[in-house]
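> how would this look folded up:
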Amino acid sequence: MRKFALKLTKTFLIIYVALFGLHFILDYYLSKENSCNNNTWHKIFKGKLDTDIAIIGTSRAETHYNTEIINKITGLKTYNLGISGTPYSVLKIRWESYFNRNKKPKILIIDIDASSLQNSKTLFGKFQYLPFFYSKEYQSFAKENDADFYFEKYIPLYKYRGYEMSVFKQIKSLKNRSICSNTINGYVEHDIDWIDKDYLNFKKILQKDKTKTEYDLKVYKQGLSVLKEIIKDCKKNNIKMYFVWSPSYYESHTYQSFNKKYIDSVLKNISTNEHIQYINFSNDSLCYGRKFFYNSSHMNKRGSTIFSKKIGNLINENK
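Down below sits the predicted model:
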């Protein structure tokens, strides 16, 4: 019986080690440059991001700042660190990973609004983090906020469950970039218009929101805390900062308007105390043209082209 138990244990250990070997092989290939959605993460963790202007924020940053246009106007290398579905409470993974490993930028554009500062513990698009699971930045966040963290840490391949097709696509993309979305130094282009059906759904959401009278302002505690950490890092490294509330379609401004006014006042106060230039584009002419958006909060290629020119000129004026 004892021999059988030892043999069984030995067999288990061999299988366990072999599966972890496969686990780390997948991590290696999925973290390589040119695999879909991981170009920026690869550059960050390899310390390859050398940029003069960095842009950080959620999907509104990712889609609003055309890095190529800003680079042409300013003559400064520009990279967009925006990441979809990721408010600042989670965006700290991106910021800390970038800041700890790469050359510091001269300028940081912090795209910010009420939505991006809301508390969240959700790892939207979690698959993108998995090849870098063992980084201290990811583990610091995940062990406090992800119920599956320890299972994924100690059970080989468990973290890739349900992502089999994503794994296949990522590995395939190493030799076939055509299956990946087009990005320009982190900027994601959306050359599409806002269709009528989605616009009508947006109008219904606005009507429902009118019935609400109270909002919990505690939902901004985590986001504001991360923002203060970013400001502190930049101050220590003499990085010039801009707060930018980028354009959104004017009809959306009534949605949770109390929250938006509150965050706007908070940002004004922080910018005054920390001597950071704050530009709120909520009344910009872009906000009044539906043709510049593909939904209420995100500009399409037409809108982001004009907006990026404005940002480039703004930076030039302040050199």
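> can we go C-alpha only for contacts and neighbour counts from here?
Noted.
> Residue 286 contacts residue 296, doesn't it?
No: if you go by Cα atoms under 8 Å, residue 286 and residue 296 don't touch, sitting 12.0 Å apart.
> tell me, what's touching those two both at once?
Common neighbours of residue 286 and residue 296, counting by Cα atoms under 8 Å, 6 or more residues apart in numbering, are residue 249.
> how about the helices of the stretch 1-150 of the chain, start to end?
2-30, 39-45, 59-64, 67-74, 88-101, 136-145, 149-154 (DSSP state H, counting those that start in this stretch).
> What's the mean pLDDT across the second one?
If you average the pLDDT over helix 39-45, you get 92.
> what does the fourth one give?
The average pLDDT within helix 67-74 is 98.
> cool, and the fifth one?
Mean pLDDT, taken over the full extent of helix 88-101, equals 97.
> And the helix or strand of the chain with the lowest mean pLDDT, how far out from the chain middle?
Between all helices and strands in the chain, the lowest mean by mean pLDDT, DSSP states H and E belongs to strand 183-184, at a mean of 82. Centroid separation between strand 183-184 and its chain, computed with Cα atoms, centre = their mean, to the nearest Å, is 14 Å.
> and if you look at stretch 102-109?
Offset of stretch 102-109 from its chain centre (Cα atoms, centre = their mean): 16 Å.
> same thing with stretch 41-55?
Using Cα atoms, centre = their mean, the distance from the centre of stretch 41-55 to the centre of the chain it belongs to is 14 Å.
> which residues are contacting that stretch?
By Cα under 8 Å, 6+ apart, stretch 41-55 touches 31-33, 61, 65, 76-82, 97-98, 101-111.
> Strands - which of these land there?
Mapping those onto strands (DSSP state E) picks out 78-80, 107-111.
> okay, those in a markdown table with neighbour count next?
What follows is the ones in strands among the contacts of stretch 41-55, written out as a markdown table (neighbours: other Cα atoms under 10 Å):
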| residue | neighbour count |
| --- | --- |
| 78 | 28 |
| 79 | 27 |
| 80 | 26 |
| 107 | 20 |
| 108 | 22 |
| 109 | 21 |
| 110 | 23 |
| 111 | 24 |
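> and which of the residues you listed is nearest residue 152?
Distance ranking of the ones in strands among the contacts of stretch 41-55 against residue 152, using Cα to Cα, places residue 80 first at 29.6 Å.
> My guess is the closest one contacts residue 185. True?
Yes: counting by Cα under 8 Å, residue 80 does reach residue 185; the two are 6.1 Å apart.
> what do the two both touch?
Common neighbours of residue 80 and residue 185 (Cα under 8 Å, 6+ apart) are residue 67.
> Can you report how many residues lie near the closest residue to residue 311 other than its chain neighbours?
Leaving aside its chain neighbours, residue 311 sits nearest to residue 70 (7.0 Å; criterion: Cα to Cα, 6 or more residues apart in numbering). Neighbour count for residue 70, taken as other Cα atoms under 10 Å: 25.
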